[in-house]
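>>> Here is a sequence together with a model predicted from it:
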Protein chains: 2
Amino acid sequence: MKTVFSPRHRGHANQLELMAGAIVPGFELPSRAEFIHDRILEVGLGDIVAPKDFDLSIAERVQAKDFLDFLPTVYPRWKELGREGTALAYTWPTRGLRGDVVPECLDGALGHYSFDAGCGFVEGTWDAIKSSHDVALTAAELVKEGAGSAYALCRPPGHHAGSNFMGGYCYINNAAVAAEYFRVNGAKRVSILDVDYHHGNGTQEIFYSRSDVQVINIHGDPNQEYPYFLGYKEETGAGEGEGFNINYPLRWGTDWAGWSQALKDGIQKLEAFGPDVVIVSLGVDTFEKDPISQFKLKTEDYPKIGALIKAIGKPTLFVQEGGYAVADIGVNAVGVLTGFEGA
Amino acid sequence: MKTVFSPRHRGHANQLELMAGAIVPGFELPSRAEFIHDRILEVGLGDIVAPKDFDLSIAERVQAKDFLDFLPTVYPRWKELGREGTALAYTWPTRGLRGDVVPECLDGALGHYSFDAGCGFVEGTWDAIKSSHDVALTAAELVKEGAGSAYALCRPPGHHAGSNFMGGYCYINNAAVAAEYFRVNGAKRVSILDVDYHHGNGTQEIFYSRSDVQVINIHGDPNQEYPYFLGYKEETGAGEGEGFNINYPLRWGTDWAGWSQALKDGIQKLEAFGPDVVIVSLGVDTFEKDPISQFKLKTEDYPKIGALIKAIGKPTLFVQEGGYAVADIGVNAVGVLTGFEGA
Ligand SMILES: [Zn+2]
Ligand SMILES: [Zn+2]
């Protein structure tokens, strides 16, 4: 399996985030992608190739143009205000406030386009976002052209970003853009299987009213876990999309037995849908030692995930999402891929 | 004019807030209330009395019971999680997320019930919130019993807090609770005149569909200024409340000439409404030296505000809201009150 990777992710570094009442160094570190990259070389998964440059025309079909236009402007505007460090919003349009106005000023616009203080910008953030988008589309193109499978080593991740908002370390929703790419290029149906520890709220939101993209999420129960406000079992889609969104919220402490049961059930529903292509939103923060998560998967479980996905027998694009135990992320993420390869 | 004041506000101290990408000491300092208290003594405004203890039955008519029940639990729950410092939310249910679920966990519930990271909790926060509520109702009772005017030296302030959310240093909306108190006790119509630099989004939201409480706001244009997502001119009320919400958003740099024109226009509309009682949400962060605001009012302007309000000729309750240039806040806030007294 080929991997697509760009060193431009490294510019998104030293960004800060708000957690438990403090501003802390972002858990979404450059070393995450480097550990995976190095593990791919170590096990000889296959060639690592650079992304092509894609324009945002596919992204604009799943995320609003005004939102995408805003992203590159954030850090220049932050600096114009005489500020340094990490650009973060500090107030958000929740219930009782208006979501239909984009304030002129940067602090207001940042709040408008986000839902947390976990999607900061530094100097290199936009370039990393764009490269991550290009990585996803380049890998999708490999699959479209018959590769059978490909791995988009995306950083930053994407699954928390929605139709016109960012959050949870995510800006452009790489998996959603890839799904739209497949649809535009002939696929009738696409399934997104999100195995990240956190609910992929952005992916759900983008496709919630569509019947052509099935979204399956296995994740920490939002009653207990970020992003808290989406990912409940009763969210099954709306309108034409009714029945095409499937959530498996699982409680803290879930181990392989409970987790794999949800995966097998999800795969049954995926097979019933009959997609032309499968996109896996691959987070490995389900790992027992992940610093911000509470599932109990072990390193030996990740190849089994890959094998179960391989058995579906569909062209498959893996898109990297979360996973924060940096020392283990390479082994676990690549474990899924080698499990898929049958290695 | 009598002042109602409680030293219990002092327990809400050393709380932190998120601003411009950093966690900083809260601008809403205990010294704010102490400077005003001392200035009242200095000028001999009148007696300073302690609040009575009120239950939350009036508050529950304007803010949801589940929200009010949540407030005292926040800091104990924060400590149960092994955390110290300031309890702050870190993710919020904006567009694309659900506002109809209250997650079981504290981080989720904190996000559900707030709209920013500027309403933190420390050990003494709930006690201060409750004392501030009692201060407002005790002063309202003085006015109800014929005092003509009274001053509620509330801290924390209230006008950003809405029907089921907190934010912007505000938890219980003291002015809204006082308005409801007057309605319950015989007033047919109440006007709230909010002269704080920031739009009183909570007060607007609470009364937006009601014709018995007129809400007039003079404030920094939300395109430029917190709270960004409410306070635009076209927000005039809804349903039965249509026409009873009046906003005067003013641009950065507005001085007495521009500001007083809005006040005079607002007072005309107030007089046309013909309230039985006037509540002034008294913020003095319109001051030229305020550290977080951009209007240009001078110390000599504050007595003129009081005189203009006095000329309305109605029973008047002053409720303290913002104002952050701590060395000047006493002179300016009390300047409004002495201007009202004709001193
Ligand atoms: Zn995750
Ligand atoms: Zn204010």
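Arrived safely. Ligands and ions are numbered 1, 2, ... in the order given.

>>> Could you pull up the residues touching the residue lying closest to residue A:163 once chain neighbours are set aside?
Closest residue to residue A:163 apart from its sequence neighbours, by Cβ to Cβ, 6 or more residues apart in numbering or on different chains: residue A:206 at 5.3 Å. The C-beta positions use only the backbone N, C-alpha and C, and glycine is treated the same way. Residues in contact with residue A:206 (Cβ atoms under 8 Å, 6 or more residues apart in numbering or on different chains) are A:62-63, A:162-163, A:173, A:176.

>>> So which of those sit within strands?
Per DSSP state E, strands hold no members of the contacts of residue A:206.

>>> which among these gets closest to ligand 2?
Of all the contacts of residue A:206, residue A:162 has the smallest distance to ligand 2: 31.4 Å, by Cβ to the ion.

>>> Who wins on neighbours among the contacts of residue A:206?
Within the contacts of residue A:206, neighbour counts (other Cβ atoms under 10 Å in any protein chain shown) peak at residue A:176, which reaches 34 neighbours.

>>> For that residue, give me the pLDDT.
You'll see residue A:176 listed with a pLDDT of 99.

>>> Give the residue farthest from the middle of chain A.
residue A:82 (32.0 Å; Cα atoms, centre = their mean).

>>> and it, what does it touch?
So residue A:82 contacts nothing (Cβ under 8 Å, 6+ apart).

>>> what helix or strand does it sit in?
Under the criterion DSSP states H and E, no helix or strand holds residue A:82.

>>> before we move on, what about residue A:196?
Applying DSSP H and E, one finds residue A:196 in no helix or strand.

>>> which residue packs closest to it, ignoring adjacent ones?
residue A:283 is the one closest to residue A:196 (Cβ to Cβ, 6+ apart), at 2.5 Å.

>>> Contacts only, for the one you found.
With Cβ under 8 Å, 6+ apart, residue A:283 has these contacts: A:157, A:159, A:194-198, A:320-323.

>>> Tell me the secondary structure at the closest residue to ligand 1 within the stretch 151-300 of chain A.
With Cβ to the ion, the shortest gap between the stretch 151-300 of chain A and ligand 1 falls at residue A:198, namely 3.5 Å. Of the three states, residue A:198 takes coil under DSSP: H, G, I helix; E, B strand; the rest coil.

>>> Now that residue A:18 has come up, it's in contact with residue B:107, right?
No - taking contacts as Cβ atoms under 8 Å, residue A:18 lies outside contact range of residue B:107: 10.9 Å.

>>> Which residue ranges of the stretch 151-300 of chain A form helices?
A:174-184, A:201-207, A:256-273 (DSSP state H, counting those that start in this stretch).

>>> Might you calculate how far the longest one sits from the centre of the chain?
It stands for helix A:256-273. 19 Å (Cα atoms, centre = their mean, to the nearest Å).

>>> list the helices and strands it packs on?
Packing partners of helix A:256-273 (3 or more Cβ pairs under 8 Å, 6 or more residues apart in numbering or on different chains; DSSP states H and E): strand A:190-194, strand A:213-220, strand A:245-250, helix A:302-310.

>>> Give me the contacts around whichever helix or strand comes after the longest one.
Think helix A:302-310. Next along the chain after helix A:302-310, taking DSSP H and E as the criterion, comes strand A:316-320. Strand A:316-320 is contacted from outside by A:1, A:33, A:36, A:136, A:139-140, A:143, A:148-155, A:157-158, A:174-175, A:178, A:277-283, A:309-310, A:333, A:336-337, A:340, using Cβ under 8 Å, 6+ apart.

>>> Please flag which of those sit within strands.
Among those, the members falling in strands (DSSP E) are A:149-152, A:277-282.

>>> Which of the residues you listed sits closest to residue A:233?
The shortest approach to residue A:233 among those belongs to residue A:281, at 18.7 Å (Cβ to Cβ).

>>> Low-confidence ranges, chain A, go.
Scanning chain A for pLDDT under 70 picks out A:343.

>>> Find the closest residue to ligand 1 in it.
residue A:322 (2.8 Å).
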